[in-house]
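Undergrad: Got a predicted structure here, sequence first:
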Amino acid sequence: MENSFQTSFIPKKPVTSSISDREPKSFLSIITIFLLIVSILIAAGLFVYKTYLTKQKEASSSSLSINRSSFEKDTIDELELFDRRTEAAKTILSKHVVLSPLFSLIGEITIPQIQYTSFDQQFTDKGFFVSMSGVARDYRAIALQAGMFNSDKGRAFKNVLFSNLVKDKNNNVSFSIEFSVDPSILSYENNLLLQEQTSSPSETMDTTETTTDDLINQTQ
């Protein structure tokens, strides 16, 4: 009796189909693992770099502390005192007022028919104010003088006001005048810089204050 069992070595399904299905998954797994390794390396590198920067900062701070402590205390105190004196000198210089330019400017714009007899100044938080009394030859001289205060040379004088005009028996007119002054022309620092720009290095600024009598003599 013949055996009816038959063996076939021909697969019913293609063998390559199962292999091709596994290849994409394996490729994605490799990429994922690679990216994970790169991320870990980057994180480790950043941590190491951060640690390095921290140590460098600590070393710099320590070096600075050592260098600072190496200075003698007396030297540091002397430098601090010098700095305070320098700042105080700058403050005094910026606030110092010199009247010589003011009197010089008044003398330049005063016409020969005007004579000043008194001068008063007042420095407040709102500005520098001047009050003067004088005598004019006539009313026309006062009008001319008012025009000089309003000219380019007199632009440093603000809110100029003539008042108390009284004519005497000699036909002279007494008057009072008030005005404010541009602070820039009174600044010692500004005048010192201007003097340095317009004079030779061997010349120095004359800071002698002009008196009221000098101003009156100039206008006579």
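TA: That came through fine. The structure displayed is predicted, hence computed values, not measured ones.
Undergrad: Could you use CA atoms for every contact and neighbour count after this?
TA: OK.
Undergrad: for this structure, which helix is longest?
TA: When the chain is parsed with DSSP state H, its longest helix is helix 16-70.
Undergrad: What's the mean pLDDT across it?
TA: Averaging pLDDT along helix 16-70 yields 77.
Undergrad: just for the protein, where's the confidence low?
TA: When residues are selected by pLDDT under 70, those of the chain lie in 1-25, 66-74, 88-97, 188-220.
Undergrad: quick one, strands of it?
TA: 114-124, 127-136, 157-167, 173-181 (DSSP state E).
Undergrad: show me what contacts S180?
TA: Counting by Cα atoms under 8 Å, 6 or more residues apart in numbering, S180 touches G127, F128, F129, V130, F157, K158, N159, V160.
Undergrad: redo that, cut-off 6 Å
TA: Contacts were defined as Cα atoms under 6 Å, 6 or more residues apart in numbering; by that measure S180 touches F128, F129, F157, K158.
Undergrad: Tell me the spacing between the second one and I33.
TA: Read it as F129. F129 sits at a distance of 86 Å from I33 (criterion: Cα to Cα, to the nearest Å).
Undergrad: Please identify which of these two sits among more neighbours.
TA: Using other Cα atoms under 10 Å as the criterion, F129 and I33 rank with F129 on top: 18 against 12.
Undergrad: wait, what's in contact with that one?
TA: Q121, Q122, F179, S180.
Undergrad: can we see that at 8 Å?
TA: Q121, Q122, F123, E178, F179, S180, V181.
Undergrad: Check F175 too.
TA: Residues in contact with F175 (Cα under 8 Å, 6+ apart) are S133, G134, V135, A136, F162, S163, N164, L165, V166.
Undergrad: And it, how far from S118?
TA: 11 Å.
Undergrad: Touching both of those two, which residues are there?
TA: Common contacts of F175 and S118 (Cα under 8 Å, 6+ apart): S133, G134.
Undergrad: which residues touch Q122?
TA: Taking Cα under 8 Å, 6+ apart, we find Q122 in contact with F128, F129, V130.
Undergrad: Revised request: answer the last question for I177.
TA: By Cα under 8 Å, 6+ apart, the contact list for I177 reads S131, M132, S133, V160, L161, F162, S163.
Undergrad: Next, count neighbours for the first one.
TA: Other residues near S131 come to 16 when the count uses other Cα under 10 Å.
Undergrad: Likewise for the last one?
TA: S163 is surrounded by 11 other residues when neighbours are defined as other Cα under 10 Å.
Undergrad: picking up where we left off before, dump the contacts of Q122 into JSON lines; add distance to T75 as well.
TA: Putting these into JSON lines (distance: Cα to Cα, whole Å) gives the following:
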{"residue": "F128", "distance to T75": "43"}
{"residue": "F129", "distance to T75": "46"}
{"residue": "V130", "distance to T75": "48"}
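Undergrad: which one of those sits closest to P112?
TA: V130 (20.6 Å; Cα to Cα).
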